[in-house]
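Participant: 3D, please:
(one chain, ligands or ions: 1)
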Amino acid sequence: MWELWTLLLLTVAYFLWPKIRRPGAKYPRSLPALPLVGSLPFLPRHGHLHANLFKLQEKYGPIFSFRLGTKNTVIVGQHQLAREVLIKKGKEFSGRPYVVTLDILSNNQKGIAFADYSPHWQLHRKLVQATFALFKDGNQRLEKIICQEVSSLCDFLATQNGKSMDLDFPVFLAVTNIICMVCFNSSYKYGDHEVKIIHDYNKGILDTLGRDELVDIFPWLMIFPSKTLGLMKKCVNIRNELLNKILQKYKEKFSSNSITNLLDILIQAKLNSSNSSSGPDQDSKLLSDKYILATVGDIFGAGVETTTSVMKWTVAFLLHNPQLKKKIQEEIDQNVGLRHTPTISDRNRLVLLEATIREVLRIRPVAPLLIPHKATSDSSIGEFAIDKGTRVIINLWALHHNEKEWLQPDQFMPERFLDPTGSQLISPTLSYLPFGAGPRSCVGESLARQELFLSMAWMLQRFDLEVPEDGQLPSLEGDPKVVFLIKPFKVKIKVRQAWREAQAESSA
Ligand code: STR
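Facilitator: Just a heads-up that it's a prediction; the model follows:
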């Protein structure tokens with residue numbers, strides 16, 4: 001009998017043990033791994049994953065690996081190696097691994113954020129980039145759209161003068177409207193019920209993605225019902241229904257003569273490929289409603305959750321650093337004044353504000369581990385062999401907190417992005433990639449930077465953002481989901497005296 005058991009165990013071990021790899025090749029050092037569970041028992045369970053992985057670098061070096069289930073994962077925590085993965089060998093590492101929760105979210109790896117390296121990913125990414133090009137200049141330029149929404153946001157905040165409030169929802173609404181303009185040329189009014197629905201399902205999606213669920217490690221656990229997956233599916237369904245309703249309605253009024261947003265670009269590309277002389281071509285299938293919805297869903301989700309989060313982080317750091325806030329306001333008063341609202345062209349004059357935003361993106365990166373990459377062919381990183389199919393995770397947190405690259409990396413110091421005279425922006429090191437890099441880099445970087453700059457400049461010109469009366473400062477610890485969120489906090493809104501006087505003067 002025991003022979004049978006041994007045979008069975010050996011067979012199981014054979015299938016679950018990593019395959020013998022390229023002979024003679026040198027692989028990154030690995031954490032210990034057991035059959036079945038892999039390195040799971042050896043991974044720290046408490047605290048933030050990005051910080052734990054950074055800590056492991058002390059023992060294992062800047063690149064190391066571990067095994068979860070049957071999959072090998074390589075962690076890269078140093079900028080030269082990260083740039084090799086993202087830029088120099090960008091194409092070889094442009095794949096995306098299969099992750100159960102992300103697969104539900106992306107309707108089988110459609111869209112652009114979580115799609116594996118594939119013709120549909122290439123096509124949709126190109127079309128999204130073409131969309132942003134539509135908003136470069138003219139009447140539709142991003143700056144104009146952003147200023148409109150930021151202006152409404154500030155007008156709303158003015159009605160809250162003297163009160164302490166959570167900025168989450170008002171900021172969410174402004175940012176949602178900006179991305180709505182980019183996607184469908186529409187926007188929501190304050191109090192619109194649909195915005196609340198979007199707010200709620202986004203929260204559900206973020207909550208369920210962030211739980212490093214075991215199913216993401218062992219996909220076969222899917223056969224057991226899971227509460228998290230259930231909630232995830234519910235939220236994704238609500239989202240898909242809402243976006244589908246918008247898409248179907250939009251199709252009726254679509255006109256080839258006026259291509260002004262993401263939906264226009266996607267629908268037009270679909271028409272072009274179905275009418276091609278040789279009959280519907282390959283692209284036509286890749287532009288069916290399901291594919292279109294997945295891409296719009298990604299842009300929507302990415303455009304809203306990231307910027308809202310960074311704006312809240314920025315306000316939180318300013319509450320902790322009231323002197324800095326005052327200095328930024330002086331900078332605004334001197335360079336923009338109080339008669340005009342700030343514009344993008346003020347960006348090279350408001351250098352302290354710009355440095356502050358860069359520092360927020362360093363110390364609390366939106367995605368501290370980016371989104372996992374996958375090797376699309378056998379390749380290498382530095383001196384180490386990487387087999388096709390290996391997951392590669394860039395630990396951006398490690399890059400942004402490396403003591404050899406940054407002076408006191410845990411301190412919030414916007415001055416590090418300024419020259420000693422404080423008048424020029426500088427890049428102190430290459431160990432900084434807040435938007436990733438290479439073929440998978442963030443497509444919305446320029447939109448995001450403009451939104452962050454304009455909204456902070458407008459808000460600080462008009463308001464004093466202060467700690468609420470109860471003296472409660474925001475926690476800076478954070479809550480890492482797919483986006484590194486900040487825990488809810490309140491801020492006291494006060495219209496600036498200087499702003500009031502300037503208004504009274506100009507209307508007199
Ligand atoms: C937020 C919640 C939602 O409703 C939809 C999405 C899909 C796209 C995701 C987004 C999420 C979170 C931020 C992501 C983005 C794609 C790129 C972006 C992960 C889950 C980042 O890399 C920061």
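Participant: just list the residues touching the closest residue to the ligand within the stretch 201-350 of the chain, thanks.
Facilitator: Residue nearest to the ligand within the stretch 201-350 of the chain: Gly301 (2.2 Å; Cβ to the nearest ligand atom). To be clear about C-beta, it is placed using only N, CA and C from the backbone, and glycine gets the same treatment. Contact analysis of Gly301 by Cβ atoms under 8 Å, 6 or more residues apart in numbering lists Asn202, Ile205.
Participant: distance of it relative to Val491?
Facilitator: Per Cβ to Cβ, to the nearest Å, Gly301 is found 25 Å from Val491.
Participant: pLDDT (mean, whole number) over the helix ranked longest in the chain?
Facilitator: Longest helix in the chain, counting residues (DSSP state H): helix 289-320. The pLDDT scores in helix 289-320 average 97.
Participant: and it, which residues are buried?
Facilitator: Neighbour counts over helix 289-320 (16 or more other Cβ atoms under 10 Å) mark 291-319 as buried.
Participant: next helix or strand past that helix?
Facilitator: helix 322-335 (DSSP states H and E).
Participant: now do that following helix and helix 289-320, the angle between them.
Facilitator: The directions of helix 322-335 and helix 289-320 differ by 100 degrees, with axes from the mean of the first three to the mean of the last three Cα atoms, to 10 degrees as the criterion.
Participant: which residues sit against helix 322-335?
Facilitator: With Cβ under 8 Å, 6+ apart as the criterion, helix 322-335 contacts 317-319, 342, 346, 349-353, 356, 414, 457, 460-461, 464-466, 496, 498.
Participant: if we check the ligand, which of those are in contact?
Facilitator: Restricting the contacts of helix 322-335 to those touching the ligand (Cβ under 6 Å from any ligand atom) yields no residues.
Participant: out of those residues, which are inside strands?
Facilitator: Members of these lying in strands (criterion: DSSP state E): Asp464, Leu465, Glu466.
Participant: bridging residues for the first one?
Facilitator: On the basis of DSSP bridges, Asp464 is bridged to Lys494.
Participant: which residues of this protein fall in strands?
Facilitator: So, for the chain - with DSSP E - the strands run 29-30, 63-68, 71-76, 164-165, 373-374, 379-381, 384-386, 391-394, 463-466, 479-480, 484-485, 491-495.
Participant: I'd like these laid out as CSV, including mean pLDDT and mean neighbour count.
Facilitator: Shown next, in CSV, are the strands of the chain (pLDDT from 0 to 100; neighbours: other Cβ atoms under 10 Å):
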stretch, mean pLDDT, mean neighbour count
strand 29-30, 95, 15
strand 63-68, 93, 22
strand 71-76, 92, 24
strand 164-165, 97, 15
strand 373-374, 96, 23
strand 379-381, 97, 19
strand 384-386, 97, 20
strand 391-394, 96, 25
strand 463-466, 97, 19
strand 479-480, 90, 18
strand 484-485, 95, 22
strand 491-495, 97, 20
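Participant: point out the residues in the stretch 1-150 of the chain that sit beside the ligand.
Facilitator: Ala113.
Participant: oh, that last question was meant for the stretch 351-500 of the chain, not what I typed.
Facilitator: By Cβ under 6 Å from any ligand atom, the residues of the stretch 351-500 of the chain that approach the ligand are Val366, Ala367, Ile371, Val482, Val483.
Participant: and what of the stretch 151-300 of the chain?
Facilitator: Asn202, Ile205, Leu206, Leu209, Asp298.
Participant: of the residues you listed, which belong to helices?
Facilitator: In this view, these that belong to helices under DSSP H are Asn202, Ile205, Leu206, Leu209, Asp298.
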